[in-house]
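[1] turn this into a structure:
(2 chains)
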Number of protein chains: 2
Amino acid sequence: MIASQPRLVIVRQNVLKNNDVLARELRERFRQADVSVVSLVSSPGSGKTAFLERTLSALRSQYRVAAVVGDLATHNDAVRLARSQALVKQITTDTVCHLDAKMVDAALEDWDLNDLDFLFIENVGNLVCPSSYDLGEGLRVVLLSVTEGEDKPLKYPTIFNTADLAVITKIDLAQAVEFDLATANHSIQAVRPGMPVIQVSAKTGEGMDRWLEELYSFRRNR
Amino acid sequence: MIASQPRLVIVRQNVLKNNDVLARELRERFRQADVSVVSLVSSPGSGKTAFLERTLSALRSQYRVAAVVGDLATHNDAVRLARSQALVKQITTDTVCHLDAKMVDAALEDWDLNDLDFLFIENVGNLVCPSSYDLGEGLRVVLLSVTEGEDKPLKYPTIFNTADLAVITKIDLAQAVEFDLATANHSIQAVRPGMPVIQVSAKTGEGMDRWLEELYSFRRNR
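    Model prediction:
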């Protein structure tokens, strides 16, 4: 195992470098088409899909929105998101624990980016693998549910470090699970000082206005 | 990226093969020392540590128990588990999203396995990476919390396929999150027909007796 490791690292760096080149191309295409691209990362079960479904539904009256969603297997999330009437495409990654720029590029193949205002990319549920892969997004959002424990940012610092905005989800359950917001905030600020933090519940709608304000502001400042 | 991929796969296979050799050695050492080894895998925040803390506390009066716990960063989990008075060691994996046999081997270095009846290995919170790495355990337990959604087994079939027992955690929250046990069971049985499923709450203690029975039976049948 020791003998193999250095070689593995070199090959991984090549893979990442190729990804960065393609991500840069994607970012330039998004800019030219004037589409605002937001990616969502989190552990499995933190409520990405419910949050995104509510977001797509809220934006649809004023903006042209689409979503690409990654999972190892199943099309369940695409089926759920399609209820919002937005354009949705599922990427299944089989055994790969993250999306990469190539997968996103392939998923966008038959869409005209000029027809979109917002594109959301929901990554595979994982707090480790997605952190190194640039997808060309303009805003990377990390989600953390109140049921996961307040120290997740300290345990998974890299993914919080690469994100632009943290969203605490399932805030309607905060009392039932004795969630301590101050501790969670402290953990987030410890690994990513200054990162804005929003609390939402996709179930009750609490905090969604604040989140939509962030999206409008992101689009205005493009 | 295309050019690099086949080489990456070959190197990964070597890494896995080396891990299997070491895991086999570990399993033989565990057998000779008559220690029952149980590993826990799940997504981050499914309640592995609370569940394990309660398990260690319950077993301690009758058995000699120890735990090895993996995280990317922090010693928080080891500190929590140490409250049970059991022997505990933390492995921090930095950027690696799973434990491997070598890490477990190194963590056990200054413990005498003959002094133990049960050894628990809490893997890094991840539903993808740990599935391919044999740690020499005799029983692999996959945890799924009621807050994560009933279709997780369908989305992460490999990890459920490599497990011997499924534990549904945080069952005290089932009603608050409208958890559908029949659907969850159906998902588990679809990817791993016949796998036993236990429901527990580490908070209220519900279901812990049934879980302890499984552990006693696992030790009796060694």
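
[2] tell me the pLDDT of the residue nearest to the spatial centre of chain A.
    Centroid check for chain A by C-alpha atoms, centre = their mean gives residue A:40 as the closest residue, at 0.9 Å. For residue A:40, the pLDDT comes out at 98.

[3] correct me if wrong: it contacts residue A:124.
    No. Assessed by C-beta atoms under 8 Å, residue A:40 is found out of contact with residue A:124, at 10.7 Å. (Glycine included, C-beta is placed from N, CA and C.)

[4] which residues do those two both contact?
    Common neighbours of residue A:40 and residue A:124 (criterion: C-beta atoms under 8 Å, 6 or more residues apart in numbering or on different chains): none identified.

[5] show me the contacts for the nearest residue to residue A:63 once chain neighbours are set aside.
    Spatial nearest neighbour of residue A:63, excluding adjacent residues (C-beta to C-beta, 6 or more residues apart in numbering or on different chains): residue A:117 at 4.0 Å. Taking C-beta under 8 Å, 6+ apart, we find residue A:117 in contact with A:34, A:35, A:36, A:59, A:63, A:64, A:65, A:219.

[6] filter these to the buried ones?
    The neighbour count (16 or more other C-beta atoms under 10 Å in any protein chain shown) marks A:35, A:36, A:59, A:63, A:65, A:219 as buried among the contacts of residue A:117.

[7] quick one: contacts for the last one?
    Yep, that's residue A:219 we're talking about. A:36, A:117, A:118.

[8] before we move on, the earlier item: quick one: is whatever helix or strand the residue nearest to the centre of chain A lives in near chain B?
    Here residue A:40 sits within strand A:36-41, counting by DSSP states H and E. No. Strand A:36-41 stays clear of chain B (C-beta under 8 Å from any C-beta of the partner chain), getting no nearer than 12.0 Å.

[9] before we move on, back to that, if I look at the residue nearest to residue A:63, how far off is residue B:136?
    53 Å (C-beta to C-beta, to the nearest Å).

[10] repeat for residue A:96
    26 Å.

[11] from what I can see residue A:166 touches residue A:160, true?
    Yes. Residue A:166 lies in contact with residue A:160 (C-beta under 8 Å); the separation is 6.9 Å.

[12] okay, and the common contacts of these two?
    What both residue A:166 and residue A:160 touch, as defined by C-beta under 8 Å, 6+ apart, is the set A:142, A:153, A:188, A:192, A:195.

[13] between those, which is closest to chain B?
    residue A:153 (9.8 Å; C-beta to the nearest C-beta).

[14] check contacts around the nearest residue to that closest one once chain neighbours are set aside.
    Among residues not flanking residue A:153 along the chain, residue A:187 sits closest, at 4.1 Å (C-beta to C-beta, 6+ apart). Going by C-beta under 8 Å, 6+ apart, residue A:187 touches A:150, A:151, A:152, A:153, A:154.

[15] and the residues you listed as CSV, adding secondary structure, neighbour count and distance to residue B:212?
    Shown next, in CSV, are the contacts of residue A:187 (DSSP: H, G, I helix; E, B strand; the rest coil; neighbours: other C-beta atoms under 10 Å in any protein chain shown; distance: C-beta to C-beta, whole Å):
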residue, secondary structure, neighbour count, distance to residue B:212
A:150, coil, 20, 29
A:151, coil, 20, 27
A:152, helix, 26, 28
A:153, helix, 27, 33
A:154, helix, 19, 31
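
[16] make TSV out of those residues and add pLDDT and distance to residue A:21.
    Below are these laid out as TSV (pLDDT from 0 to 100; distance: C-beta to C-beta, whole Å):
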residue	pLDDT	distance to residue A:21
A:150	95	38
A:151	95	36
A:152	95	32
A:153	96	30
A:154	96	33
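
[17] which other helices and strands contact the worst-scoring helix or strand of chain A on mean pLDDT?
    Sorting the helices and strands of chain A by mean pLDDT, DSSP states H and E puts helix A:4-33 at the bottom, at a mean of 81. Helices and strands touching helix A:4-33, by 3 or more C-beta pairs under 8 Å, 6 or more residues apart in numbering or on different chains; DSSP states H and E, are strand A:36-41, helix A:101-107, helix B:5-33.

[18] now, of these, which is deepest in the fold?
    strand A:36-41 (a mean of 26; mean count of other C-beta atoms under 10 Å in any protein chain shown).

[19] chain center to the next helix or strand after that one: distance?
    Once strand A:36-41 ends, the next helix or strand along the chain (criterion: DSSP H and E) is helix A:48-59. Computed by C-alpha atoms, centre = their mean, to the nearest Å, the chain-centroid distance of helix A:48-59 equals 12 Å.

[20] what does stretch A:170-190 give?
    Per C-alpha atoms, centre = their mean, the displacement of stretch A:170-190 from the mean C-alpha position of its chain is 20 Å.

[21] quick one: buried residues of it?
    Per 16+ other C-beta under 10 Å, stretch A:170-190 contains these buried residues: A:170, A:171, A:172, A:173, A:174, A:176, A:177, A:179, A:184, A:185, A:187, A:188.

[22] which ones among the residues you listed lie within strands?
    Of these, none are assigned to strands by DSSP state E.

[23] closest to residue A:112 among these?
    Of all the buried residues of stretch A:170-190, residue A:170 has the smallest distance to residue A:112: 35.7 Å, by C-beta to C-beta.

[24] dump the residue contacts of that closest one.
    Here residue A:170 is in contact with A:46, A:47, A:145, A:146, A:147, A:201, A:202, A:203, B:147 (C-beta under 8 Å, 6+ apart).

[25] just give the closest residue to it, not the sequence neighbours.
    Nearest residue to residue A:170 in three dimensions, chain neighbours excluded: residue A:145, at 4.5 Å (C-beta to C-beta, 6+ apart).

[26] contact partners for that neighbour?
    Here residue A:145 is in contact with A:42, A:45, A:46, A:47, A:168, A:169, A:170, A:173, B:45, B:147 (C-beta under 8 Å, 6+ apart).

[27] change it to 6 Å
    With contacts taken as C-beta atoms under 6 Å, 6 or more residues apart in numbering or on different chains, residue A:145 has the following neighbours: A:46, A:47, A:169, A:170.

[28] any chance of the residues you listed in TSV, with pLDDT too?
    Below are those laid out as TSV (pLDDT from 0 to 100):
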residue	pLDDT
A:46	95
A:47	95
A:169	98
A:170	97
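
[29] which one of the residues you listed has the most neighbours?
    Within the contacts of residue A:145, residue A:46 tops the neighbour count with 31 neighbours, counted by other C-beta atoms under 10 Å in any protein chain shown.
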